[in-house]
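Asks: give me a model of this one.
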Amino acid sequence: MFGGSLTTDQFRGTAFGAHASSLYLPNANAVLGSQTHTENCWQENSGAAVYGVTPEYAQNYRFLVDEMTNSCFRPVSYSPDGWFQNLPNANPEVVCSSEICKTTNFKPDSDDVKRLTDGDTTLLPAVRWELQRYIYEKLLTEAPEDTTNEKFRDNVENTTIGFFQAINENIAAMFAADSVSRAALNANLIVASGKLDSLILIDSLVTIEDDSSEIAGLMQIRGGLTEVLFDLASDSESLTEEISDNFSDAADDIRALNDTITVIEDFEINEKVFNDLYLAYLAEADTSEMDTLEAIAAQCPLLGGNAVYRSRALLAMMTGELASYNDSLNCASVQALSLPHGHNTSFLVATDLTIFPNPANGEVNIRWKRAPEKQGQIQVTDLYGRQVRQMVIAPGATEIKIPADHLPDGMYFFSIRLDDLETTRKIIIQH
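Replies: Have a look, this model is predicted:
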């Protein structure tokens, strides 16, 4: 998980099996939300759960579990300390079964919401903005009791958060408009389908009927059906034109409203540009700005916001093809893809360790000045905590070459242990 989701009490009933890493949240921008008695189960052979933040920060979004009910509710291994805490469940229930997984409603006065409406400065601006957009939309229909959240709702109405929410509401209204005409068109299609079935049946009877009087009767019925079908087609054409014209006019009006929004940040600019291209496509099937959409789609979502994902989806709809986006590379320069909290970096100084090249292609070279007295180890994992390679360092060695030609493009963590010292370095593989 690389961006916030704020699924407070919604991460429920997940079973973790044999993986190198079970739950991996690389940093503070992976906002999963607090979880209370959500009955996720870590089997004995499951990998560690890792949250790449300080113990103090992890307690903001802690897992409260009842270990007495089931010991698997707490991972066998997790970091940092304090992320998982034991709390007896006074009202135990099965939150997820094979038939249904019970979910909870949005909690407008939860600590998670308050923390974000206050403006959590540990988050990247785009992540914070998107989470606040989600909260603002919810607070419009679920009134908070907390005055801080109520003030937040009122204050952001005249910011880009409120302005783009108005755009989304207008788009939803555009799709819901002309309900009477759409219902009439749908009714026409149902009637036409039935008439066509009758017409097919009559045609089949005519081909096998020998009695001329019977044929004449069938042809008369056929003529009546044909006349009804022509009337339905004419009426449906008028309804379709009416709906299409109204839809196009509404899209143009929303584009004009979108054009009045003043934007500064990249993620705000992306949102505005995407809205314009999306509405143009809906109104006119305009595909002339594919390059602009592709430019947004290729960005790091942590910097470019949700408009990056929406651009990817619209491109797939336009082209009929699914493209692959490597966000490991797109976001390689972002602090959000930092190392898990607690890794020892003093080893870098103590041994004068160097890793090159970075980005790497064919192989990664690692050298250090102080030779280890005992056997060491290098473990390579991907962004999801999955081990992709492990190598032994012989006592007395001062360098090692690690083949990388088999690794897909992306970012990897190289964990290096020599004697009693350990560090982890980020390496980008780019072929």
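Asks: shaky segments in the stretch 301-431 of the chain?
Replies: The stretch 301-431 of the chain contains residues with pLDDT under 70 at 332-352, 384.
Asks: show me where it has helices.
Replies: Applying DSSP state H, counting those that start in this stretch to the stretch 301-431 of the chain gives helices spanning 301-304, 307-319, 327-330, 346-351.
Asks: now do the second one: everything it contacts.
Replies: Think helix 307-319. Here helix 307-319 makes contact (CB atoms under 8 Å, 6 or more residues apart in numbering) with 267, 270-271, 273-274, 277-278, 281, 287, 290, 293-294, 296-297, 299-301, 322-323, 325. Heads up, the C-betas are built off the backbone N, CA and C, glycines and all.
Asks: TSV for the helices of the stretch 301-431 of the chain, including mean neighbour count and distance to residue 136?
Replies: Listed next are these as TSV, based on neighbours: other CB atoms under 10 Å; distance: least, CB to CB, whole Å:
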stretch	mean neighbour count	distance to residue 136
helix 301-304	24	20
helix 307-319	18	17
helix 327-330	18	26
helix 346-351	15	43
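Asks: ok, residue 282 touching residue 251?
Replies: Yes: using CB atoms under 8 Å, residue 282 makes contact with residue 251 at a distance of 5.2 Å.
Asks: quick one on the thing from earlier: looking at the helices of the stretch 301-431 of the chain, spot the one closest to residue 408.
Replies: Taking CB to CB, helix 327-330 is the member of the helices of the stretch 301-431 of the chain nearest to residue 408, at 8.8 Å.
Asks: the closest one packs against which elements?
Replies: Using 3 or more CB pairs under 8 Å, 6 or more residues apart in numbering; DSSP states H and E as the contact definition, the elements that helix 327-330 packs against are strand 410-418.
Asks: and residue 261, how close does it get to residue 210?
Replies: Residue 261 sits 74 Å away from residue 210 when distances are taken as CB to CB, to the nearest Å.
Asks: with residue 166 instead?
Replies: For residue 166 relative to residue 210 (CB to CB), the value is 70 Å.
Asks: and if you look at residue 38?
Replies: 74 Å.
Asks: okay, stretch 80-93 in CSV with CA atoms only?
Replies: Included here for stretch 80-93 are C-alpha records, laid out as CSV according to Å, rounded to 0.1, in the frame of the first residue of the first chain:
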residue,chain,number,x,y,z
PRO,A,80,7.2,-1.3,15.3
ASP,A,81,6.4,-2.1,18.9
GLY,A,82,3.0,-0.9,20.0
TRP,A,83,1.3,-1.2,16.6
PHE,A,84,-0.7,-4.2,17.8
GLN,A,85,-2.2,-4.0,21.3
ASN,A,86,-4.3,-6.5,23.3
LEU,A,87,-7.8,-5.4,24.3
PRO,A,88,-10.5,-7.8,25.5
ASN,A,89,-13.5,-7.8,23.3
ALA,A,90,-16.6,-7.4,25.4
ASN,A,91,-19.0,-8.1,22.5
PRO,A,92,-17.3,-10.7,20.3
GLU,A,93,-18.9,-11.5,16.9
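Asks: mind listing what's buried in it?
Replies: Residues of stretch 80-93 classed as buried: 80, 83, 84 (neighbour count, 16 or more other CB atoms under 10 Å).
Asks: surely the first one meets residue 51?
Replies: To tie it back to what came earlier, the one meant is residue 80. Yes: using CB under 8 Å, residue 80 is in contact with residue 51, at 6.5 Å.
Asks: what's the helix or strand for residue 24?
Replies: Element membership of residue 24, judged by DSSP states H and E, is strand 21-25.
Asks: contacts for that strand?
Replies: So strand 21-25 is in contact with 1, 16, 32, 42, 46-53, 75, 381, 383-386, going by CB under 8 Å, 6+ apart.
Asks: out of the residues you listed, which are buried?
Replies: 16, 32, 42, 46-53, 75, 381, 383, 385.
Asks: which ones among the residues you listed are found in strands?
Replies: Among the buried ones among the contacts of strand 21-25, the ones falling in strands (DSSP state E) are 16, 42, 48, 49, 50, 51, 381.
Asks: for the third one, give the beta-bridge partners.
Replies: Read that as residue 48. Residue 48 has these beta-bridge partners by DSSP bridges: residue 21.
Asks: contacting residues around it?
Replies: 21, 22, 75, 76, 77, 78, 79, 385.
Asks: next: residue 289.
Replies: 277, 280.
Asks: ok now do residue 276, which residues does it touch?
Replies: Here residue 276 is in contact with 255, 258, 259 (criterion: CB under 8 Å, 6+ apart).
Asks: take those and keep only those in helices.
Replies: Under the assignment DSSP state H, these contribute 255, 258, 259 to helices.
Asks: if we can go back for a sec, of the contacts of residue 276, closest to residue 396?
Replies: Nearest member of the contacts of residue 276 to residue 396, counting by CB to CB, is residue 258, at 65.7 Å.
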